[in-house]
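Student: Just the structure for this:
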Amino acid sequence: MSIGKILIIDDQVDIQIQIKDALEDVDYEVICVSDSIAAKSEINNKDFDLIFMDIWLGDGQDGMSLLEELKSRNFLTPVIMML
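Tutor: Numbers count the residues shown, from 1 in each chain. Here you go, the predicted model:
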């Protein structure tokens, strides 16, 4: 049984895998996406306890603008921004 659900938003799959493996080792459920479109879909359809988000996403929307969009909707899930 997981102790929480975490979303990783990063366009670099190797970074996703490293973070996912570490978190799953301590019993978190982890979902990974590579762009802001997939991130919005996951965020709109699931509840997360924490989000790791890359500042630089390769799909035209950077992580900071995605974070601002979420904040404007009174999004309360903690977000850790990654460089």
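
Student: what ranges do the helices span in the protein?
Tutor: Applying DSSP state H to the chain gives helices spanning 13-25, 36-45, 63-72.

Student: Adding distance to residue 4 and mean pLDDT as columns, could you present those in JSON lines?
Tutor: Placement of C-beta: from N, CA and C, glycine included. Listed next are the helices of the chain as JSON lines, based on distance: least, CB to CB, whole Å; pLDDT from 0 to 100:
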{"stretch": "helix 13-25", "distance to residue 4": "9", "mean pLDDT": "97"}
{"stretch": "helix 36-45", "distance to residue 4": "15", "mean pLDDT": "95"}
{"stretch": "helix 63-72", "distance to residue 4": "18", "mean pLDDT": "93"}
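
Student: Could you verify my assumption that residue 28 touches residue 3?
Tutor: Yes - using CB atoms under 8 Å, residue 28 is in contact with residue 3, at 6.1 Å.

Student: out of the two, which sits in the more crowded spot?
Tutor: residue 28 (16 against 11; other CB atoms under 10 Å).

Student: quick one, what contacts the more buried one?
Tutor: 2-6 (CB atoms under 8 Å, 6 or more residues apart in numbering).

Student: Among these, name the ones in strands.
Tutor: Per DSSP state E, strands hold the following members of these: 5-6.

Student: Throw the contacts of residue 28 into a markdown table and include distance to residue 24 and pLDDT, thanks.
Tutor: Below are the contacts of residue 28 laid out as a markdown table (distance: CB to CB, whole Å; pLDDT from 0 to 100):
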| residue | distance to residue 24 | pLDDT |
| --- | --- | --- |
| 2 | 9 | 79 |
| 3 | 11 | 93 |
| 4 | 11 | 97 |
| 5 | 12 | 98 |
| 6 | 9 | 98 |
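
Student: any idea how far residue 64 is from residue 5?
Tutor: Applying CB to CB, to the nearest Å, the value for residue 5 to residue 64 is 23 Å.
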